[in-house]
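Asks: the following block contains a protein sequence and its predicted model.
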Amino acid sequence: MRLNDGSVARRLSTLGKHLVETTTTTVRRPTAPPIRSLPWRGSVFGHVAQAPEDPILGVTVAYNKDPSPVKVNLGVGAYRTEEGKPLVLNVVRRAEQLLLNDPNRIKEYLPITGLAEFNKLSAKLIFGQDSPAIQENRVTTVQCLSGTGSLRVGAEFLAKHYHKKSCFQHTIYIPLPTWGNHPKVFTIAGLTVKTYRYYDPATRGLNFQGLLEDLSAAPSGAIVLLHACAHNPTGVDPTLDQWEHIRQLMRSKGLLPFFDSAYQGFASGSLDADAQPVRLFVADGGELLAAQSYAKNMGLYGERVGALSIVCKTRDVAVRVESQLKLVIRPMYSNPPIHGASIVATILRDREMYGGWTIELKAMADRIISMRTQLHEALLARGTPGDWSHIIKQIGMFTFTGLNTDQVAFMTKEYHIYMTSDGRISMAGLSSRTVPHLADAIHAAVTGAV
Amino acid sequence: MEATDGAPPPPPTFFPHSEIVRPLQTGFSRVLLSTFSGIEIEGFSPFGFGGGKVEGDGVEWRAVQGGGGKGGRAVFLLGNRSMSSWWSNVEPAAKDPILGVTEAFLADQSPDKVNVGVGAYRDDNGKPVVLECVREAERRIAGNQNMEYLPMGGSLKFIEETLKLAYGGNSEFIKDRRIAAVQALSGTGACRLFADFQRRFQPDSQIYIPVPTWSNHHNIWRDAQVPQRTFHYYHPESKGLDFASLIDDVKNAPNGSFFLLHACAHNPTGVDPSEEQWKEISYQFKVKNHFAFFDMAYQGFASGDPERDAKAIRIFLDDGHLIGCAQSYAKNMGLYGQRIGCLSILCEDELQAVAVKSQLQQIARPMYSNPPVHGALVVSTILGDPELKNLWLQEVKNSCIMSGMADRIIGMRTALRESLEKLGSTLPWEHITNQIGMFCFSGMTPQQVDRLTSEFHIYMTRNGRISMAGVTTGNVGYLANAIHEVTKSG
């Protein structure tokens, strides 16, 4: 990297200042050696190497650099309208206005655990209005920084407090594949990360047998990460029957469930339906962790709103657990950001706004489903070789296309299609206008000698 | 939790397979046992999802409704025999020594109660304040912005404006792009990112922390697994700076040690080195090749002038130190709950700054992915608009409409000291007006503080730190009287 001349001149003059002994101060320094004799001190961080780009967020960085007018960003899972624009929900806009004009708005720090009303409403959203666990005060919910923050706080808590005498308490099993940030979050929190089979490339569906075998082989007490719905990146979800089977297996083996719920409402369009797997586990009276995010389903991405809930056996345990969660949070960021949580609470507490939200959420989910249908039809129309039915079978924001890294690179280079190298595309980034372009790109990638 | 008995409990004797049985108290009209070892129920539960419990054969059965709701099929699950908790051994954690004070205050019913615990600014009516510049910024933002993810390192515009405050508007380091800087979750988040970074890239280093310091500093470096040492700072007898011991500690520390310094308005003591003393400290740091990490949480709040409050940092920069710096807008813009701050590390050149920033982002990614956008927008809006920025500067120091924040606090210091002297207290109280910033380190013992709370409903941290921002013309007399009462017997 070339230093510009101005910078060099400034740098030399700064250095020069230190080669001249200062006489301005009257403080005696009888024992200090003259400055001139000291070597110039380099940075203690001079050895730091540049980190690689984040594989997911790096896609958007590359996309932004591309000048092509036909470029399409199918990388990060952020919803886009048919016009390709980000969307702020109407209920969110209204909530913001209400907050602006609210004289009773909180003006100071939130408690360490966050906005209390937000926590209660979030728990009800995922566990159900009448969840017995909530009624029995067995749930502790703390506001965290979206899904990532909720996972990290939960993982730190597990690493510190999940003690079992004779089993692998600090191991978490994550599905293969999973969101790229999952292993990083758990590893840095101090958990050992292992995997269980999940996706079957041959069927582009669930490897249910493999999943059951791997969980059966897991040591008693191990933690298991479960995507509540709309699995990221594959879009492949177990059926309710399969969930029930998983639940029985896990409970009989004493495996601790840790749900990641980032797409409630986005999978089927129904908030309650998408929460079923989690509620199945709560209903059997057992314990679990659940991380919730409002990034996608309320479009609050950058506000970083989420919650971690821990369902405990008794109320007394929940109280103690909450006190320990505070010790994780305080040295990380003291207390969570207020703005996004206030928006969520404003919407969830008001029946009319909640209703409005469910309608807007369903519209987003429906548009994604429509993109799936259109892409599938476009590929059929082109006679693109292969079975593309997984595009309409998979659920949620993403499609795991099955394309390999070479094909992905080809599509980026020749067609300016940006996606993660594992072949995952964000359906939310498609529009009726761009579907044909993507279909062409896939067709070329699959039929060309790539 | 002990492992369950292996096999799931057998089907209940009163729920034979595929037979319609008596209606349950949950309101289900029929109960069917499915072939897949669950039970299917027709009709719906009046309790909604997750409602309904029934006991049978020593097993508790819970109902869960599946599908769309009204009239849908439900899966009625096998209950487990008594499960014990995974968390039986979890001890209740001690309350945070600072934030716990506010919790106790909120629970107190007394009409006389006073909260001089947490360092959040209050107006003379004891009410929290939203600055006018913030209100205006929020009006401009609301409904106009999308809420897309920020980059991992946060808002570039925000960072640019923030660095100017610490390093100077015309800083050569900014021009030369030598500062690796990321948006952080207020001061706490900035310190934590630095501590994690220090651990990763200087794993053999320790952090020297002043005595006393903000209690959460210890938590932060401990959770980052960086060993801690202390250095002398506060001199209890003089209630001022123990400069000689501080310099000794600087000299005796191994070369290349990492030091945490409060840039201005030291928390909790309010005792800051003079400009001359800062120059000497900087010189000794050069001799020893120490790393200076500045925590600047009160820029603008100490003297009322942000430029003046950055003096210590500028002295170090002039002396050629490659510093680290945590900045917070919690107090000086009243953005407490927005969690908006910045971590910066001055590097040798642009290449190094790019590398360091990329690594800081790697630490943020598994913690929260990217920082919250709202506070960054508010700050950028204010600092990026000359009129709003001027308004902010006025409000921090002194405004026509309401007494500026720093001036009000200085006024309260004077009032408290004079009240105590008028009550005939024989103890010295000059330190109240000598100390700087939001806090007064009163010198009271934990026992005296406990008496203040139990007898007078006055809440403060047990180290005797008074948040002057919580003192008003309305309560300063009451506070002075109470302090006199608990200290006069010695």
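Replies: Right, received. Where do you want to start?
Asks: just give me the neighbour total for B:Glu154.
Replies: Slight slip there: residue B:154 is Gly, not Glu. Residues near B:Gly154, counting by other CB atoms under 10 Å in any protein chain shown, number 26. Quick note: C-beta positions are derived from backbone N, CA and C, even for glycine.
Asks: how near is it to chain A?
Replies: 10 Å (CB to the nearest CB, to the nearest Å).
Asks: what's the answer for B:Gln448, then?
Replies: Taken as CB to the nearest CB, the span from B:Gln448 to chain A is 27 Å.
Asks: so what's that residue closest to, chain neighbours aside?
Replies: For B:Gln448, ignoring the flanking residues on the chain, the nearest one in space by CB to CB, 6 or more residues apart in numbering or on different chains is B:Val486 at 4.5 Å.
Asks: need the phi and psi values for the one you found.
Replies: phi -80, psi -20 (degrees, to the nearest 10).
Asks: next, count neighbours for it.
Replies: For B:Val486, the count of nearby residues is 18 (other CB under 10 Å).
Asks: how about stretch B:453-473, does it reach chain A?
Replies: No: using CB under 8 Å from any CB of the partner chain, stretch B:453-473 stays clear of chain A, coming no nearer than 10.8 Å.
Asks: related to what we said a few turns ago, got the contact list for the residue nearest to B:Gln448?
Replies: If you count contacts by CB atoms under 8 Å, 6 or more residues apart in numbering or on different chains, B:Val486 has them with B:Met444, B:Gln448, B:Arg451, B:Leu452, B:Glu455.
Asks: now the element after whichever strand or helix holds the fourth one, going C-ward?
Replies: I take that to be B:Leu452. Secondary structure from DSSP states H and E places B:Leu452 in helix B:446-456. Using DSSP H and E, the helix or strand that follows helix B:446-456 in sequence is strand B:458-459.
Asks: how far does that next one sit from the chain's center?
Replies: 21 Å (CA atoms, centre = their mean, to the nearest Å).
Asks: do the same with stretch B:312-324
Replies: Distance of stretch B:312-324 from the chain centroid (CA atoms, centre = their mean) equals 26 Å.
Asks: repeat for stretch A:85-104
Replies: Between the centre of stretch A:85-104 and the centre of its chain there are 23 Å (CA atoms, centre = their mean).
Asks: which stretches of chain A have low pLDDT?
Replies: Across chain A, the ranges flagged by pLDDT under 70 are A:1-41, A:163-169, A:449-450.
Asks: could you break it into its assigned domains?
Replies: What the TED database lists as the domains of chain A is A:56-87+A:366-447, A:109-349.
Asks: and the longest one, end to end?
Replies: The stretch domain A:109-349 measures 21 Å between its terminal residues, going by CA to CA, to the nearest Å.
Asks: do you know the pLDDT at the residue nearest the centre of chain B?
Replies: The centroid of chain B falls nearest to B:Thr188 when counting by CA atoms, centre = their mean (5.1 Å). The model reports B:Thr188 with a pLDDT of 98.
Asks: now it. Nearest residue, chain neighbours left out?
Replies: Take B:Thr188 and drop its neighbours on the chain: the residue closest to it by CB to CB, 6+ apart is A:Ser334, 4.1 Å away.
Asks: which residues sit in contact with the one you found?
Replies: Contacts of A:Ser334 by CB under 8 Å, 6+ apart are A:Tyr109, A:Ile112, B:Leu99, B:Leu185, B:Ser186, B:Thr188, B:Gly189, B:Asn216, B:Arg339.
Asks: need the strands for the stretch 51-200 of chain A, in chain order.
Replies: Applying DSSP state E, counting those that start in this stretch to the stretch 51-200 of chain A gives strands spanning A:72-73, A:139-144, A:171-176, A:192-197, A:199-200.
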